[in-house]
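Novice: need the 3D shape of this:
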Amino acid sequence: MHKSAADHDRRAALRQSPTATRAPYFGARDLSLIGVFAALIAAFGVMPAIPIGGIGVPITLQTLAVVLTGLILGPLRGFAAAGLYVVVGLIGLPIFANFSGGPGVLVGPSGGYVVSFPFVAAAAGALAIVAVRKAARARRIAMLITAGLVGGVVVGHAFGMAGMMVNLHLSVPAAFAADVVFVPGDVVKVVIAALIAASVHRAFPDLLRRR
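Specialist: As a prediction, this is how the structure comes out:
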């Protein structure tokens, strides 16, 4: 009887304090990866940008870094890493393209693209989980490319067009015309990111493990 009462008390205590048996979703390793990939995006962001057209949106390697972050870390850690990068940049650290920073970026021509980064990483990461966990190895690269295209091209460019329509007062056709010139380059970046991610997942197959 004494043992039964003790077990009952223990179960009651655990119900009252669920955190006692649940580890936080982001452990030390996760936080380290989030920080490293946020720094990676920043490093790619401050590389020399190539101005294009008259709308003021430069070509950078950030799309590659953001998509790569999602493909390697998955949706939640990818979102967190890209979100950390965006928050630090908006605070004022000059880690956006052309060494810019601060909240003023949001009202510029690149504002929509900057806002998209966490969502790009999350979308690419969500589909990367399917590619890594369920796809045959022969199809993995193709599925990772598809994941990157959905995140980096579909999601990223939708945000970018919306940003130009709001900040530059462009019509939908005008915003599409301004945005579409970036698509070929971003497709190439996505393919490169997918190839890198496939190699990383072969070397570290537990990066997208089930929790």
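
Novice: any idea which helix or strand comes after the top helix by length along the chain?
Specialist: Secondary structure of the chain read by DSSP state H shows that its longest helix is helix 111-134. Following helix 111-134 in sequence order, the next helix or strand is helix 137-148 (DSSP states H and E).

Novice: quick check: mean pLDDT of the helix or strand following that following helix?
Specialist: Per DSSP H and E, the first helix or strand lying C-terminal to helix 137-148 is helix 156-167. For helix 156-167, mean pLDDT is 95.

Novice: just the angle between the longest helix of the chain and helix 137-148, please?
Specialist: Following axes from the mean of the first three to the mean of the last three CA atoms, to 10 degrees, one obtains 160 degrees for the angle between helix 111-134 and helix 137-148.

Novice: buried sites along helix 111-134?
Specialist: Across helix 111-134, burial judged by 16 or more other CB atoms under 10 Å covers 111-128, 131-132. Where C-beta positions appear, they are placed from N, C-alpha and C, glycine not excepted.

Novice: please apply the same query to stretch 143-163.
Specialist: Taking 16+ other CB under 10 Å as the criterion, stretch 143-163 shows 143-153, 155-157, 159-163 as buried.

Novice: show me what the longest helix of the chain is packed against.
Specialist: With contacts defined as 3 or more CB pairs under 8 Å, 6 or more residues apart in numbering; DSSP states H and E, the packing partners of helix 111-134 are helix 62-73, helix 75-91, helix 137-148, helix 156-167.

Novice: rank those by pLDDT, which is bottom?
Specialist: When I compare the helices and strands packed on helix 111-134, helix 137-148 is least confident, with a mean of 90.

Novice: and the pLDDT at the residue nearest to the spatial centre of the chain?
Specialist: The residue lying closest to the centre of the chain (CA atoms, centre = their mean) is A121, at 2.0 Å. We have a pLDDT of 97 for A121.

Novice: surely it is in contact with G151?
Specialist: Yes. Assessed by CB atoms under 8 Å, A121 is found in contact with G151 at 6.8 Å.

Novice: now for the two: what residues contact both?
Specialist: Common contact partners of A121 and G151 (CB atoms under 8 Å, 6 or more residues apart in numbering): 66-67, 70.

Novice: for the protein, which residues score under the pLDDT cut-off?
Specialist: Where the chain drops to pLDDT under 70, the residues are 1-24, 48-59, 209-211.

Novice: try 80 this time
Specialist: In the predicted model of the chain, residues 1-25, 46-60, 98, 134-138, 209-211 satisfy pLDDT under 80.

Novice: my read is that V190 contacts V67, right?
Specialist: Yes. Here V190 reaches V67: they are 5.6 Å apart, a contact under CB under 8 Å.

Novice: ok, the two, which is more surrounded?
Specialist: Between V190 and V67, V67 has the larger neighbour count (other CB atoms under 10 Å), namely 38 against 27.

Novice: contacting residues for the more buried one?
Specialist: By CB under 8 Å, 6+ apart, the neighbours of V67 are 120-121, 124, 148, 151-152, 189-190, 193-194.
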